[in-house]
Each structure stands twice: as structure tokens, then as C-alpha cells.
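Participant: need a structure here:
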Amino acid sequence: MTYDTAATATGHAEHRTDHSGSADPASSRTADVTPTASPEGIGDIVLAGHPAPYPHLRTGGAPTIGRLAAAARAAATALARPALWPRRRGRWQPAPRAARRTAAGRMRVSILVLEPNGFAEIPAESRRSAAVVHLARGRVHMVTVAPDREMQAVQELTGDRARVLGSADDHQLINTGGEPAVVVRVAG
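Facilitator: Here you go, the predicted structure:
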């Protein structure tokens, strides 16, 4: 309800907002013109469902943390057979094709085989991408190290849970078991 209508309904016509001097609100109005709604000029409506024409507004289609974790679990399941493990130990390397097939889109799957009492650093990702680590076999602890090289946290990796890596700190893996450990890393 507009102010004019409310003033007329309550009997207080002296509080009008049009200030035309006329006491009759109907005489001051011109022909009723209803504006037509048009999506022209509203970029959000016109471009709905289409990619943005501006490079800084385009989405890169980066995978979500949930998709990264699901791909890491599937790759760890695919690496259950020791025949698929790489021969080089202690270094991150691209996963075998059977494990990479589980990741779709722009995900990179890498694998690490650690000997008992071995350790390796998890490579840092860029700020725009995320990474997830999942244990395929063995017993591994992840150590989080601050930029000043002070140890912040120690967590055991388990086969039923994927760990999301933060980009501000360094992460190292230590094989604390008696057999070779296999770790899968999925980044996107």
C-alpha cells in the first residue's frame, strides 16, 4: 500500500507526498502506465545458463573436496593389489592407469610407497587447488610442520578416512608400520 492510499484510507489526506496542491489525489494522477518487465540489460538474467563472457567471472570447474575424497578412496581400492604398486619407493609418482581411471575431470592422482621407517614430504599445491590424502595400505602418520619448521600436529592416517591438506603448512608422512605403506594423493 502506498503512502497516498494509506492516507486516504485513514482519512489523513493532508499528508500527501506529491505536493501538487490538489486535494483530490485522483486528479493529480495521469493515465495509469504499468511498466513492463524486461530482462534486457540485466546481465544475470540474460546470461543465465550460459558461460560468462568475462574471463575473471568464469569458473574453472575445480573439483570439490567431496569429489577429491571419493576419487582418493576409489584409487586406494584399485591399488589393493601389490602388482600395481610402482617399483620406486619413497617418491611421489603418477598412479597406475587403473587408479587414475577412478578420477574424472581435472584431478591428478599420485601414489607413494614408503618402506618401514621411511618418510616423505607431501608436495605443496598452489593456493587455488586442493589436495586429499588417503591411505591404501599400511600404517602411516602425517606430521604437520609450520613455516618456521616447528611441528604442529601428528595424526594417524586410516584407511576409512581421507585427509584434506591445508596449503599454509608443510606435511610429511612417516611409515610407522612394519610393512611397506601405500598412500594415494588426489589434487585438483
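Participant: which residue ranges of the protein form strands?
Facilitator: Under the criterion DSSP state E, strands of the chain are mapped to 93-94, 108-114, 119-122, 131-137, 140-145, 151-157, 163-165, 170-175, 181-187.
Participant: now mean pLDDT, mean neighbour count and distance to Ala71 too, for those, in TSV please.
Facilitator: The way it works is simple: take the backbone N, C-alpha and C, and place the C-beta from them, glycine included. Shown next, in TSV, are the strands of the chain (pLDDT from 0 to 100; neighbours: other CB atoms under 10 Å; distance: least, CB to CB, whole Å):
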stretch	mean pLDDT	mean neighbour count	distance to Ala71
strand 93-94	91	12	14
strand 108-114	92	22	7
strand 119-122	90	17	17
strand 131-137	92	24	8
strand 140-145	91	19	19
strand 151-157	89	12	17
strand 163-165	87	17	13
strand 170-175	90	20	19
strand 181-187	92	26	5
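Participant: among the ones you listed, which comes closest to Leu79?
Facilitator: Using CB to CB as the measure, strand 131-137 is the one of the strands of the chain that comes nearest Leu79, at 4.6 Å.
Participant: and His134, how far from Val182?
Facilitator: Separation of His134 from Val182 (CB to CB, to the nearest Å) stands at 10 Å.
Participant: which neighbours do these two share?
Facilitator: Ala76 (CB atoms under 8 Å, 6 or more residues apart in numbering).
Participant: distance to Trp85 for the strands of the chain - can I get that in a markdown table?
Facilitator: Formatted as a markdown table, these follow (distance: least, CB to CB, whole Å):
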| stretch | distance to Trp85 |
| --- | --- |
| strand 93-94 | 10 |
| strand 108-114 | 5 |
| strand 119-122 | 15 |
| strand 131-137 | 9 |
| strand 140-145 | 15 |
| strand 151-157 | 17 |
| strand 163-165 | 21 |
| strand 170-175 | 14 |
| strand 181-187 | 6 |
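Participant: contacts only, for the residue nearest to Asp169 when sequence neighbours are not counted.
Facilitator: Distances taken as CB to CB, 6 or more residues apart in numbering put Thr144 closest to Asp169, at 5.1 Å, once the chain neighbours are dropped. Contacts for Thr144 were tallied using CB under 8 Å, 6+ apart; they are Met151, Gln152, Ala153, Val154, Gln155, Gly166, Asp169, Asp170, His171.
Participant: residues in a beta bridge with the closest residue to the third one other than its chain neighbours, which ones?
Facilitator: Excluding the flanking residues, the one nearest Ala153 by CB to CB, 6+ apart is Thr144, at 4.4 Å. On the basis of DSSP bridges, Thr144 takes part in beta bridges with Ala153, His171.
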